[in-house]
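Chemist: Provided below are the primary sequence and the corresponding predicted coordinates.
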Amino acid sequence: MTPANTITEMAVESYYQKSGAVGRQNFVSGCDAIEHCLQVGYEVSAKEKWGSVMAAELEQNGRGYMMLLVGDERRTSDAALGIALRGAGHGLRVHIIEFLKTGRERGEVAAVSFLTGVTLSQYGMIDVRTRPEEFRGPAISPERLQAALREARDHVLRRVTNILILDGLLTLVDEGMVEDKAILELVERAAPWTDIVLTGRAASPALHDAADSVTLMQTIKVREHEPLRRGLHY
């Protein structure tokens, strides 16, 4: 990890180049400069979490990894949460946006408080007692959908997130509430050290072709009227 003073010096130099500021007093006195310093420092830190060799390779590739987890919505979410746990183990910054779910009683909501670097937001209306396939109508309001998409764009543009999980977004594309073009633009604007995981019921042909990996998850057997178990189901 680059020492804090080195990150600061890199931020100072970046600010000089960006704003044409002359003299250290100009840099220290401006609130916008301080914000710029923090942003550059966080970006350097996010980049270095991958390691110098990996970061160089990512810069050459131009963008991060795009993974699609397609199929049973509960199982695709389970897999995505496993990725978040693994990322936390590597000290990466992970952010999860649950487009369809709500409920503080969900295990992942409590778990992020124990996982350094992992954060989570919920925007949907499906609680733990409702199966996704049983929910009638859109599981997110248009206003909250736009807010969730803005949050996803913010994480991409700030360039400080290593893994961005967009849980349930593929389902909204399948339902026609989000254009796949918007997701492709999001991925193209992501930093090389930002990997994006999307989950949901189905993947459009355009997303399927653009993805680095596509995994189909299918439930083969489930007991009728299966009771929900903490940890396994929520």
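Modeler: Received, thanks. Just so it is clear, the structure is predicted and the values come from calculations on it, not from any experiment.
Chemist: what number of residues lie near the residue lying closest to L81 once chain neighbours are set aside?
Modeler: Counting by C-beta to C-beta, 6 or more residues apart in numbering, L81 lies nearest to E108, which is 5.4 Å off, once chain neighbours are set aside. Any C-beta I mention is one placed from the backbone N, CA and C, and that applies to glycine too. Other residues within reach of E108, judged by other C-beta atoms under 10 Å, total 22.
Chemist: got the residue ranges for the helices in the chain?
Modeler: 4-19, 24-29, 31-48, 52-61, 73-89, 107-111, 142-158, 169-174, 180-189, 205-210 (DSSP state H).
Chemist: ranking those by mean pLDDT, which is last?
Modeler: Per-stretch mean pLDDT for those is lowest at helix 24-29 (a mean of 40).
Chemist: tell me the contacts of the residue nearest the centre of the chain?
Modeler: With distances taken as C-alpha atoms, centre = their mean, L164 lies nearest the centre of the chain, 1.5 Å away. Applying C-beta atoms under 8 Å, 6 or more residues apart in numbering to L164 gives the contacts 94-95, 97, 152, 155-156, 190, 194-197.
Chemist: what about 6 Å?
Modeler: Applying C-beta atoms under 6 Å, 6 or more residues apart in numbering to L164 gives the contacts 95, 155, 196.
Chemist: shouldn't the second one be in contact with I163?
Modeler: No: applying C-beta atoms under 6 Å, one finds H155 not in contact with I163, separated by 10.1 Å.
Chemist: between those two, who's got more neighbours?
Modeler: With neighbours defined as other C-beta under 10 Å, H155 and I163 compare such that I163 has more, 26 against 22.
Chemist: surely that one meets D195?
Modeler: Yes: contact criterion C-beta under 6 Å: I163 and D195 qualify, at 5.2 Å.
Chemist: and the residue nearest to the centre of the chain, how close does it get to T199?
Modeler: Using C-beta to C-beta, to the nearest Å, L164 is found at 12 Å from T199.
Chemist: overlap in contacts, the two.
Modeler: Counting by C-beta under 6 Å, 6+ apart, nothing touches both L164 and T199.
Chemist: what number of residues lie near H233?
Modeler: Other residues close to H233 by other C-beta under 10 Å number 14.
Chemist: what's the answer for L169, then?
Modeler: The tally of other residues near L169 (other C-beta under 10 Å) stands at 30.
Chemist: next one: E175
Modeler: Neighbours around E175, by other C-beta under 10 Å: 14.
Chemist: could you do K101 as well?
Modeler: Using other C-beta under 10 Å, K101 has 25 other residues around it.
Chemist: nearest residue to it in space, please, no chain neighbours.
Modeler: What sits nearest to K101 in space, not counting adjacent residues and going by C-beta to C-beta, 6+ apart, is G124, at 4.8 Å.
Chemist: so how far is G117 from that neighbour?
Modeler: Counting by C-beta to C-beta, the gap from G124 to G117 is 24 Å.
Chemist: if you count what's nearby, which of the two comes out ahead?
Modeler: Taking neighbours as other C-beta under 10 Å, G124 and G117 compare with G124 leading, 25 against 19.
Chemist: got a list of what that one touches?
Modeler: For G124, the contacting residues are 99-102, 139-140, by C-beta under 6 Å, 6+ apart.
Chemist: can I get those in JSON lines with pLDDT and distance to R86?
Modeler: JSON lines is the format used below for those (pLDDT from 0 to 100; distance: C-beta to C-beta, whole Å):
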{"residue": "F99", "pLDDT": "97", "distance to R86": "22"}
{"residue": "L100", "pLDDT": "96", "distance to R86": "23"}
{"residue": "K101", "pLDDT": "95", "distance to R86": "21"}
{"residue": "T102", "pLDDT": "94", "distance to R86": "25"}
{"residue": "A139", "pLDDT": "93", "distance to R86": "27"}
{"residue": "I140", "pLDDT": "96", "distance to R86": "27"}
